[in-house]
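Engineer: okay, sequence plus prediction incoming.
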Amino acid sequence: MSKTSRTGITMPAQAKKGAIIEIRAIAQHDMETGYRYTEDGKRIPRDIIQLFTCQYNGEEVFRADFNPGIGANPLIIFTTVAVASGTLVFKWVGDGGYEAVNQAQITVS
Amino acid sequence: MNLFVFCLRVLPLLAILIGLNSSQALEAPKDTRQSSYYLMTPENRAMQDDSNLNPALFWVMDGHSLWREKIGNKNVSCAFCHGDSGQKMVGVATQFPKMQKGKLQTLEGQINQCRTSKQEASILAYESKELLALTTFVASQSKGLPIAVQETPQNKKNLQQGRQFFNERMGQLNLSCAQCHQDRAGLKLGGSLIPQGHPTAYPIYRIEWQTMGSLQRRLRNCMSGVRAQQFEYGSQEMAQLELFLMWRARGMPLETPGVRP
Amino acid sequence: MYLSALGLLGLSSWMAPSLTMAKQPEAMEAIAKIVGSNTIRDSRVNLVIPPLVESGNLVVLKLSIESPMTANDYVKAVHVISEANPSPNMFTAYFTPRSGRAELTTRVRLADSQRVWAIAQMSDGSFYRGYADTLVTLSACTEMI
C-alpha cells in the first residue's frame, strides 16, 4: 500500500561550474511521532518519513535519516557542488509504504 | 521668577506639553493596533514570509486542486463559476464574515453554501483537510489587502453581540477576551507575550497544532484556556465573535496564510 | 498561573514529565554507541538553535562543521542527539565530498528545555562535537481536546 504527498524543491536552475548551490527540500507529512495517545488512551502509531536522498546525475550526493524528532512537514536545506548540467532526483521514503519523488534540472556553465 | 510670569509663561507651556502627551493629542490618535506577526521570533517570521519555508503553501496547493475538481450532483467545480486561477477571489476574504441573504456567513460557511446550493455536494466539516485547503486558497488570494469589514445597518445587531462576547467574562477563570487582549496586550503570560488577537492571518499554520487551522479552532483554544464552554464550530455565536474581531482589525492587512506559534 | 498549569497539562499529554529527567543518560549512551572508544574533540561543530523557543513543535536548527570537504578530508556524517526528547537520536545526515560545505538547516521537535548535541564523524574516523542549549516554553492557550 503505497502512499505519497506533495513535495517542494527550491534550487537555482543555473550555476557556474564548481559553485556551491543551496537546495531546499520540503515534504508534506505529519511525521506522527508514535508517542502521542488518543483521548481514550490508545497509542497513535508512528508514521514518519525515515529517509531522504538526493542523487545528482545518478550519484548520491546527500542522505539523511529522519527520526520522530524531525518536525512535521520536514524541511531540509543543504548544499552541493554544481559539477555538471543534469538532473537532481530527490526521494523521500517512510512508514506505511510512503514514497515521494521530485526532481530538478540544472544547467552548469 | 515671580508668580505672574509663572502663570503667564510657564504654566501654559506645561499645559501644552502635558496635553501633547495625553491621548487627547492635537493630531489624530496613532493606530496602536499590531498584528501578532510582530511578536514572533525572526525564525517564525521567516517561516511565514518565505513561500518555500511556509508549510501552509501545501494547503494552498491542495486548495487549488480542490478548486478545480468537479463535484456533486451538478458535477461542477468552483473554477466553473469563479475562474480557474482563483484571481476572482481577490478581495473576497477581507469582507467576511458578512450578511448574505439575511444570514451572517463566515468564509467557511459561504464555501459550504456554494457546495450545497450550486454544486449539490455535501458540506465540509470544520477543520477537515478539504475545507482548510479551500479556505486557505481563497483567503490567500487577498494577501496584503486591508480587512474590509465595516459596520452596516444589516450587520449591526450581530456586531453588537460579537462585541458583547468579547467584553463579557467567561469560564472558570472568569476572564473576558478584552481583559487579556485589550487591557494586557503586550504584557507576558506564562513566558509568552499576549497578542492583541487580530485575525489577520487565518487560516494559520499553528506550530502548536503542527497543521493548518481556522480562526474558530483558535478561538476554541482561547475559550478552553479560560475553562469556558467552547462555542460550537459553525455556530451563530462564533460568526458574531468573528465579525467583531474582523471589524476590530479593519484596515489591517491580511497575511494569510500565516504561521503562528 | 492557571495557564502555565494548563501548559503542563498539554505537555504531559505528549509525554510524562518524569521521563524528562531520565533522558540525559540515554543521550550519553546514544553518543557512546556512535563514537565507541574514540576521543571526541570539542571543536569544528557549530550548532545553532534559538535560545528561547515559544513552541517546541517546530524549531529551526542550523548546523555547520568546519572541513575542507575534499575527497580525502570531509565530514562523513553528523548525528544530532537530544537530551530531553523521548528518543535521543533526532536525525543523522550524511555528507559527501560533493557537498561543498558540511552545512544544513532543518526543523526539529524539542520536548523540553535541553541541551542538543551534534556529533560529527570525519572521513578519517575522528569525531568532533558541538552543542546548543535552549529554553522551551509553551505557547499560551493550548488545545484541550
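Structural biologist: Great, that's in hand.

Engineer: once you drop chain neighbours, what's closest to residue C:46?
Structural biologist: What sits nearest to residue C:46 in space, not counting adjacent residues and going by C-beta to C-beta, 6 or more residues apart in numbering or on different chains, is residue C:64, at 4.5 Å. For glycine as for every other residue, the C-beta is placed from the backbone atoms N, C-alpha and C.

Engineer: what residues does the residue nearest in space to the middle of chain C make contact with?
Structural biologist: With distances taken as C-alpha atoms, centre = their mean, residue C:116 lies nearest the centre of chain C, 3.7 Å away. By C-beta atoms under 8 Å, 6 or more residues apart in numbering or on different chains, the residues touching residue C:116 are C:47, C:49, C:61, C:80-83, C:90, C:108, C:110, C:131-134.

Engineer: now the buried members of these.
Structural biologist: If you count burial by 16 or more other C-beta atoms under 10 Å in any protein chain shown, the buried members of these come out as C:47, C:49, C:61, C:80-83, C:90, C:108, C:110, C:131-132, C:134.

Engineer: re earlier: now the contacts of residue C:116 as a markdown table including secondary structure, distance to residue B:219 and pLDDT?
Structural biologist: Formatted as a markdown table, the contacts of residue C:116 follow (DSSP: H, G, I helix; E, B strand; the rest coil; distance: C-beta to C-beta, whole Å; pLDDT from 0 to 100):
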| residue | secondary structure | distance to residue B:219 | pLDDT |
| --- | --- | --- | --- |
| C:47 | strand | 38 | 98 |
| C:49 | coil | 32 | 97 |
| C:61 | strand | 32 | 98 |
| C:80 | strand | 37 | 98 |
| C:81 | strand | 39 | 97 |
| C:82 | strand | 34 | 96 |
| C:83 | coil | 36 | 95 |
| C:90 | strand | 34 | 97 |
| C:108 | strand | 29 | 97 |
| C:110 | coil | 27 | 95 |
| C:131 | strand | 40 | 98 |
| C:132 | strand | 36 | 98 |
| C:133 | strand | 35 | 97 |
| C:134 | strand | 30 | 95 |
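
Engineer: for those residues, which one is nearest chain A?
Structural biologist: residue C:90 (3.3 Å; C-beta to the nearest C-beta).

Engineer: quick one: contacts for the closest residue to the closest one other than its chain neighbours?
Structural biologist: Distance criterion C-beta to C-beta, 6+ apart; nearest residue to residue C:90, sequence neighbours excluded, is residue A:69 at 3.3 Å. By C-beta under 8 Å, 6+ apart, the contact list for residue A:69 reads C:80, C:82, C:85, C:87, C:89-91, C:108-109.

Engineer: where do the strands sit along chain C?
Structural biologist: C:40-41, C:45-48, C:52-53, C:59-65, C:75-82, C:89-94, C:102-108, C:114-122, C:127-136 (DSSP state E).

Engineer: state the pLDDT value of residue 74.
Structural biologist: Assuming you mean chain A. As predicted, residue A:74 sits at a pLDDT of 98.

Engineer: I was after chain C.
Structural biologist: For residue C:74, pLDDT reads 98.

Engineer: what's around it, how many residues?
Structural biologist: Neighbourhood size, residue C:74 [other C-beta atoms under 10 Å in any protein chain shown]: 19.

Engineer: over to residue C:99?
Structural biologist: Going by other C-beta under 10 Å, the residues that sit close to residue C:99 add up to 23.

Engineer: one more: residue B:210?
Structural biologist: 20.

Engineer: and residue A:19, by the same measure?
Structural biologist: 15.

Engineer: so which residues on the stretch 1-150 of chain B come close to chain A?
Structural biologist: Contacts of the stretch 1-150 of chain B with chain A, taken as C-beta under 8 Å from any C-beta of the partner chain, map to B:52-53, B:55, B:57-58, B:61-62.

Engineer: do chain C as well
Structural biologist: Going by C-beta under 8 Å from any C-beta, the residues of chain C near chain A are C:13-15, C:57-59, C:80, C:82, C:85-87, C:89-96, C:98-101, C:103-109, C:145.

Engineer: next helix or strand past the one helix or strand in chain B whose mean pLDDT sits lowest?
Structural biologist: Between all helices and strands in chain B, the lowest mean by mean pLDDT, DSSP states H and E belongs to helix B:11-21, at a mean of 54. Using DSSP states H and E, the helix or strand that follows helix B:11-21 in sequence is helix B:42-49.

Engineer: any low-confidence regions in chain C?
Structural biologist: Within chain C, the segments meeting pLDDT under 70 span C:1-22, C:139-142, C:144-145.

Engineer: flag every buried residue along the longest helix along it.
Structural biologist: As assigned by DSSP state H, the longest helix anywhere in chain C is helix C:23-35. By neighbour count with 16+ other C-beta under 10 Å, helix C:23-35 contains the buried residues C:23, C:26-27, C:30-31, C:34.

Engineer: just curious, which of those is nearest to residue A:87?
Structural biologist: residue C:34 (33.5 Å; C-beta to C-beta).

Engineer: surely that closest one and residue C:120 touch.
Structural biologist: No - taking contacts as C-beta atoms under 8 Å, residue C:34 lies outside contact range of residue C:120: 10.2 Å.

Engineer: identify the contacts common to these two.
Structural biologist: What both residue C:34 and residue C:120 touch, as defined by C-beta under 8 Å, 6+ apart, is the set residue C:127.

Engineer: how about the nearest residue to the residue of the stretch 1-150 of chain B found nearest chain C, chain neighbours excluded?
Structural biologist: Nearest to chain C, among the residues of the stretch 1-150 of chain B, is residue B:43, at 4.4 Å (C-beta to the nearest C-beta). Among residues not flanking residue B:43 along the chain, residue C:60 sits closest, at 4.4 Å (C-beta to C-beta, 6+ apart).

Engineer: ok, that neighbour - contacts?
Structural biologist: Taking C-beta under 8 Å, 6+ apart, we find residue C:60 in contact with B:43, B:47, C:49-50, C:105-107.

Engineer: so what's the residue count around residue 97?
Structural biologist: Answering for chain A, as no chain was given. 10.

Engineer: wait, chain C
Structural biologist: For residue C:97, using other C-beta under 10 Å, the count is 17.

Engineer: would you agree it is in contact with residue C:71?
Structural biologist: Yes - taking C-beta under 8 Å as the definition, residue C:97 is a contact partner of residue C:71 at 4.6 Å.

Engineer: show me the contacts for residue C:121.
Structural biologist: Residue C:121 sits in contact with C:34, C:75-79, C:127, where contact means C-beta under 8 Å, 6+ apart.

Engineer: let's have these in a markdown table, adding distance to chain B.
Structural biologist: Conversion of those to a markdown table gives the following (distance: C-beta to the nearest C-beta, whole Å):
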| residue | distance to chain B |
| --- | --- |
| C:34 | 28 |
| C:75 | 24 |
| C:76 | 28 |
| C:77 | 25 |
| C:78 | 20 |
| C:79 | 23 |
| C:127 | 29 |
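
Engineer: among those, which pair sits farthest apart?
Structural biologist: Within those, two members stand farthest from each other by C-beta to C-beta: C:34 and C:75, at 13.7 Å.

Engineer: quick one on the thing from earlier: name the member of the residues of the stretch 1-150 of chain B next to chain A that has the highest neighbour count.
Structural biologist: residue B:55 (26 neighbours).

Engineer: span of stretch B:172-182 from start to end?
Structural biologist: 20 Å (C-alpha to C-alpha, to the nearest Å).

Engineer: how about residues contacting it?
Structural biologist: With C-beta under 8 Å, 6+ apart, stretch B:172-182 has contacts from B:165-170, B:189, B:194-197, B:222, B:225-228, C:2.
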